[in-house]
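[1] no sequence on this one, just coordinates:
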């Protein structure tokens, strides 16, 4: 083996060693007095490994992040792979959405009208003034649940499966790293903004978790810049924004996808960005066991 570098003993290299293993880099770390020595099987790996090691040693935040990922039970070979016990709140939302999709026959029976912002059979909602008046009357009757329940109303299995996958991938990270309370705050605030904007602009005939997904994506993207902890490809944000813009064109209907809840997407995304800007980044470490 090739002797590469000597490092002081006080630096924990366990995370770096695990990272090298995941990259397929054969190595060994030995102790020599008050120091640690890194050895490599192949000398051609020396330059990139030394560059990575220098960053690991000199940047405490990066070192903390690498060690956190290695120690966390929700990362498998560096990839985010939580089990249901790590994000029970997100799982509950997905299960409720699936059950209500079944019981409402994908928004086709009378039950679905109890999940909309207002009952479209009772109120006129053709104009903005009528929509505001109908919502005021609905809330005045104590039906406050309608502000949130459009999230659970879906009109196709493709719609709910896509939303569930994205919510699980992003929402489970928020619940794990930032806590269940932060996730619930996100869910409520984003739902109010996304559902409210969509209703005011287009009326009550909409539903789905897409607004919440856009809100959580916006939150993760901006909050990630303050403290790195979430795992998602940067291209995901670009794709989501591009898809949101395409929703304002006739293309989705031409492709047979129907009309999109564009205002829900926009309202959710802006609400998520706003929450990331005003809420402090949680500093406590995530739990090491089940949530």
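    Here it is on my side, so go on. This one's a predicted model, so the numbers in the text were calculated from it and none came from an experiment.
[2] Where does residue 194 sit: helix, strand or coil?
    For residue 194, the assignment made with DSSP: H, G, I helix; E, B strand; the rest coil gives helix.
[3] What residues does the residue nearest to it when sequence neighbours are not counted make contact with?
    Excluding the flanking residues, the one nearest residue 194 by CB to CB, 6 or more residues apart in numbering is residue 211, at 2.8 Å. Every C-beta, even on glycine, is put in place using the N, C-alpha and C of the backbone. When contacts are counted by CB atoms under 8 Å, 6 or more residues apart in numbering, residue 211 touches 151, 190, 191, 193, 194, 195, 198, 261, 264, 265, 267, 268.
[4] Tell me how far the residue nearest the centre of the chain lies from residue 186.
    The centroid of the chain falls nearest to residue 170 when counting by CA atoms, centre = their mean (2.2 Å). Plainly put, residue 170 is 10 Å away from residue 186 if you go by CB to CB, to the nearest Å.
[5] Common neighbours of these two, please.
    In contact with both residue 170 and residue 186: residue 216, using CB under 8 Å, 6+ apart.
[6] what number of residues lie near residue 252?
    By other CB atoms under 10 Å, the residues close to residue 252 number 16.
[7] so it makes contact with residue 259?
    Yes - look at residue 252 against residue 259 with CB atoms under 8 Å: they come within range, at 7.0 Å.
[8] correct me, but residue 123 touches residue 132?
    No - using CB under 8 Å, residue 123 is not in contact with residue 132; the gap is 10.7 Å.
[9] who wins for neighbours among the contacts of residue 211?
    Going by other CB under 10 Å, residue 268 tops these with 34 neighbours.
[10] What's the per-residue pLDDT of that one here?
    Residue 268 is assigned 97 on the pLDDT scale.
[11] So the residue nearest to residue 194 lies in a helix, does it not?
    Yes - according to three-state DSSP, residue 211 belongs to a helix.
[12] oh, and call the first residue 466 from now on, that's how I've got it
    Right, with 466 as the first residue, what we last looked at is residue 676.
[13] Need the per-residue pLDDT for it.
    97.
[14] Kindly report the same for residue 490.
    pLDDT, residue 490: 86.
[15] Angles on the backbone of it, please.
    phi -100, psi 110 (degrees, to the nearest 10).
[16] What separation is there between the nearest residue to it once chain neighbours are set aside and residue 466?
    Setting aside the residues directly before and after it, residue 490 is nearest to residue 510 in space (CB to CB, 6+ apart), at 5.4 Å. Distance of residue 510 to residue 466, given as CB to CB: 11 Å.
[17] out of these two, which sits in the more crowded spot?
    residue 510 (18 against 13).
[18] for the more buried one, helix, strand, or coil?
    helix.
[19] wait, doesn't it sit right on residue 504?
    No - the criterion here is CB under 8 Å, and residue 510 misses it with residue 504 at 10.9 Å.
[20] Mind picking out the helix or strand in this structure with the poorest mean pLDDT?
    Lowest by mean pLDDT, DSSP states H and E among the helices and strands of the chain is strand 540-541, with a mean of 56.
[21] related to what we said a few turns ago, now render the contacts of residue 676 as TSV, adding secondary structure and distance to residue 688.
    Below are the contacts of residue 676 laid out as TSV (DSSP: H, G, I helix; E, B strand; the rest coil; distance: CB to CB, whole Å):
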residue	secondary structure	distance to residue 688
616	helix	21
655	helix	13
656	helix	18
658	helix	17
659	helix	18
660	helix	22
663	helix	24
726	coil	24
729	helix	21
730	helix	19
732	helix	18
733	helix	15
